[in-house]
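J.: Got a predicted structure plus its sequence, pasted below:
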Amino acid sequence: MDLPARTVAPAPFAPAVTRRQRLATLVAGLAVTGYVFLVDPTKGGAYPRCPSRVLFGIDCPACGGLRGTHDLLHGHVREALDHNLLLPAYLAAIAVMAGLYLLPLVGRPARTLRPPRWLVVAAIVVVVAFTVARNLPVAGLRFLDSA
């Protein structure tokens, strides 16, 4: 006796993403990147202030990211790393996730990033250690702050 095939309905919180939505995401990402390229965050612009710096007076793990990205887009690697030492890792992670999300635009199925648990734990440990170290009042660690 054959059993009826089970169909699994998609989860209600995970609607299908259309090609138009993926294109809109790509255009928005390129527009934001273009804005960061054209408008130097050190000289103003419509950039948000860091909530942790405003509320607590400390640098979050992403502080200096906009200034660093601006410098990196202009080819100033040393200056970018001076703003945020983890910036290359952040940008690489964003690029991988965006690439996997945008795969359907080139005819490939979208994929979900599933890093091993040890990698997630290691990344969290590095980000927390970096955040603590960049906020310690130690002269030898001043190179980690976002100034």
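T.: Sure thing, it's come through. Numbers count the residues shown, from 1 in each chain.

J.: can you list the weak-confidence ranges in this protein?
T.: For the chain, applying pLDDT under 70 flags the ranges 1-15.

J.: What are the boundaries of the helices in it?
T.: 19-38, 51-56, 65-73, 77-83, 87-102, 117-135 (DSSP state H).

J.: and Pro109, which of these is closest to it?
T.: Closest of those to Pro109 is helix 87-102, at 10.0 Å (criterion: C-beta to C-beta). Bear in mind the C-beta positions are built from the backbone N, C-alpha and C, glycine included.

J.: In that closest one, which residues are buried?
T.: Residues 87, 90-91, 101-102 are the ones in helix 87-102 that count as buried (16 or more other C-beta atoms under 10 Å).

J.: still on that earlier bit, just the helices of the chain: most buried one?
T.: Each of those was scored by mean neighbour count; the highest is helix 65-73, a mean of 21, by mean count of other C-beta atoms under 10 Å.

J.: tell me the angle it makes with helix 19-38.
T.: Using axes from the mean of the first three to the mean of the last three C-alpha atoms, to 10 degrees, the inter-axis angle of helix 65-73 relative to helix 19-38 is 80 degrees.

J.: nearest to Asp145, of the helices of the chain?
T.: Across the helices of the chain, Asp145 has its closest neighbour in helix 117-135 (5.3 Å, C-beta to C-beta).

J.: what's the distance between Pro109 and Tyr101?
T.: Per C-beta to C-beta, to the nearest Å, Pro109 is found 11 Å from Tyr101.

J.: typo on my end, it should be Leu113
T.: In this view, Leu113 and Tyr101 are 9 Å apart by C-beta to C-beta.

J.: Put together CSV for the helices of the chain, with distance to Phe143 on each row.
T.: Shown next, in CSV, are those (distance: least, C-beta to C-beta, whole Å):
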stretch, distance to Phe143
helix 19-38, 23
helix 51-56, 18
helix 65-73, 14
helix 77-83, 7
helix 87-102, 14
helix 117-135, 9
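
J.: Perfect, I'm done here.
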